[in-house]
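[1] All I have is the shape, not the residue letters:
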């Protein structure tokens, strides 16, 4: 029993260290043109980032909330919740190919963090 107990404790510590956590990550850069012509594809560039090397599978998602309003958020997976993670920033650069359906003003709420958003506009002439 004396030799088994240290192994059980070690196994418990190692198995409790690993977890997978899906969450929103930061958007550090965005590039949306100010004005475009009707029937043009619009490249929207978004740079997502996570603050340490335990993050991966970063991606950006754009949702239409109503006729001319969209939200843009970035997500990722944290692979170890209690580990000591490498001190590196994980980036993911995304180009969203947006084709406005009509002329008008389009509004994009970009969530820079889970608690802070900014608005950007696109005028389609």
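    Received, thanks. All values reported here derive from a predicted model rather than from experimental measurement.
[2] Quote the end-to-end distance of stretch 30-40.
    Taking C-alpha to C-alpha, to the nearest Å, stretch 30-40 runs 19 Å from one end to the other.
[3] cool, and stretch 41-56?
    Rule used - C-alpha to C-alpha; the end-to-end distance of stretch 41-56 is 29 Å.
[4] From the chain's centroid, how far away is that stretch?
    Its chain's C-alpha centre lies 6 Å from the corresponding centre of stretch 41-56 when counted by C-alpha atoms, centre = their mean, to the nearest Å.
[5] And for stretch 73-86?
    Stretch 73-86 sits 12 Å away from the centroid of its parent chain (C-alpha atoms, centre = their mean).
[6] what's next to it, contact-wise?
    Outside stretch 73-86, the residues that touch it by C-beta atoms under 8 Å, 6 or more residues apart in numbering are 16-27, 46, 48-50, 52-61, 63, 90, 92, 111. Yep, even glycine has a C-beta here, placed from its N, CA and C like the rest.
[7] Equivalent analysis for stretch 115-125, please.
    Surrounding stretch 115-125, the residues in contact under the criterion C-beta under 8 Å, 6+ apart are 30, 32-38, 42, 100, 102-112.
[8] List the contacts of residue 93.
    45-48.
[9] Give me the buried subset of those residues.
    The neighbour-count test (16 or more other C-beta atoms under 10 Å) applied to those identifies 46-48 as buried.
[10] Next step: those residues restricted to strands.
    Judged by DSSP state E, the subset of the buried ones among the contacts of residue 93 located in strands is 46-48.
[11] And the strands in the chain, which stretches?
    Taking DSSP E as the test, the strands found in the chain are 21-31, 35-36, 42-50, 55-66, 69-78, 90-98, 104-111, 117-124.
[12] Generate JSON lines for those, with distance to residue 84 and mean pLDDT as supplementary columns.
    Shown next, in JSON lines, are the strands of the chain (distance: least, C-beta to C-beta, whole Å; pLDDT from 0 to 100):
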{"stretch": "strand 21-31", "distance to residue 84": "16", "mean pLDDT": "94"}
{"stretch": "strand 35-36", "distance to residue 84": "46", "mean pLDDT": "95"}
{"stretch": "strand 42-50", "distance to residue 84": "16", "mean pLDDT": "97"}
{"stretch": "strand 55-66", "distance to residue 84": "14", "mean pLDDT": "96"}
{"stretch": "strand 69-78", "distance to residue 84": "13", "mean pLDDT": "96"}
{"stretch": "strand 90-98", "distance to residue 84": "16", "mean pLDDT": "96"}
{"stretch": "strand 104-111", "distance to residue 84": "28", "mean pLDDT": "98"}
{"stretch": "strand 117-124", "distance to residue 84": "31", "mean pLDDT": "97"}
